[in-house]
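> Just to be clear, the model below is a prediction. Sequence and coordinates:
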Amino acid sequence: MDPIFTRVSTRQFVPDRKVESKYIIKILRAAMAAPTAANQQEWEFYVTEDREIITRLSQVTPYSKPAANAPVVIAACYNVNALRVPEMADIDMAIACENILLEAEYLGLGAVMLGIAPFEDRMQKVSEILKMPDNFRAFMIIPVGYPVNKHAQEDRYEPAKIHVV
Ligand SMILES: Cc1cc2nc3c(=O)[nH]c(=O)nc-3n(C[C@H](O)[C@H](O)[C@H](O)COP(=O)(O)O)c2cc1C
């Protein structure tokens, strides 16, 4: 099974089923295996199983609700002091987040990206909830857990979108 072709967003998680610590570490190892511009590795990851913090994160936007029933939430953030190529920070972080989704899929877990950056109001709210230092920026919230149900990925391959020149 190739996780790229089986991964789908998971928004319903099996209640009361925790994610094993070894899996969380594996997922974060995958995130930090991602490429970054000039190898700047600006990422910082907050991991929480705290129900109050998770509830508050789930309320950052109307679209963040899927976090509410997740056993664990990862907030992918970055350290502005680590940036050598600031313009590339969002791209770096997006790649790391995709690695999180793919590793979760590989481990039989489910996850979904809940967009935070580049919206300043959302970034500020997450920063306050997690009590982040001033030099950190919130990028993405990713709830992780065991999926309640799993559907097949839609086939989005469209040859018409390939332009051979
Ligand atoms: C940058 C980004 C932000 C997203 N933000 C949200 C979000 O706030 N809430 C949500 O439920 N899904 C969010 N998603 C998930 C997308 O809705 C989902 O990936 C898309 O519908 C395709 O479905 P699939 O992931 O199952 O293939 C986000 C995805 C990306 C890449």
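Nice, I can see it.
> can the helix or strand containing Arg137 be found next to the ligand?
Element membership for Arg137, per DSSP states H and E: strand 136-145. No - counting by Cβ under 6 Å from any ligand atom, the ligand is not contacted by strand 136-145; separation bottoms out at 7.1 Å. In short, each C-beta sits where N, CA and C put it, glycine included.
> Report the mean per-residue pLDDT for that strand.
Strand 136-145 comes out with an average pLDDT of 98.
> in stretch 131-140, what's buried?
Residues of stretch 131-140 classed as buried: Met132, Phe136, Arg137, Ala138, Phe139, Met140 (neighbour count, 16 or more other Cβ atoms under 10 Å).
> show me what contacts the second one?
Shown in contact with Phe136 (Cβ atoms under 8 Å, 6 or more residues apart in numbering): Glu44, Cys77, Tyr78, Asn79, Val80, Ser127.
> Apply 6 Å and report the result again.
Glu44, Cys77, Asn79 (Cβ atoms under 6 Å, 6 or more residues apart in numbering).
> Take the residues you listed and lay them out in a markdown table including neighbour count.
As requested, the contacts of Phe136 are arranged in a markdown table below (neighbours: other Cβ atoms under 10 Å):
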| residue | neighbour count |
| --- | --- |
| Glu44 | 19 |
| Cys77 | 25 |
| Asn79 | 17 |
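> Export the residues you listed as CSV, with columns for pLDDT.
Converted to CSV, these look like this (pLDDT from 0 to 100):
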residue, pLDDT
Glu44, 99
Cys77, 98
Asn79, 98
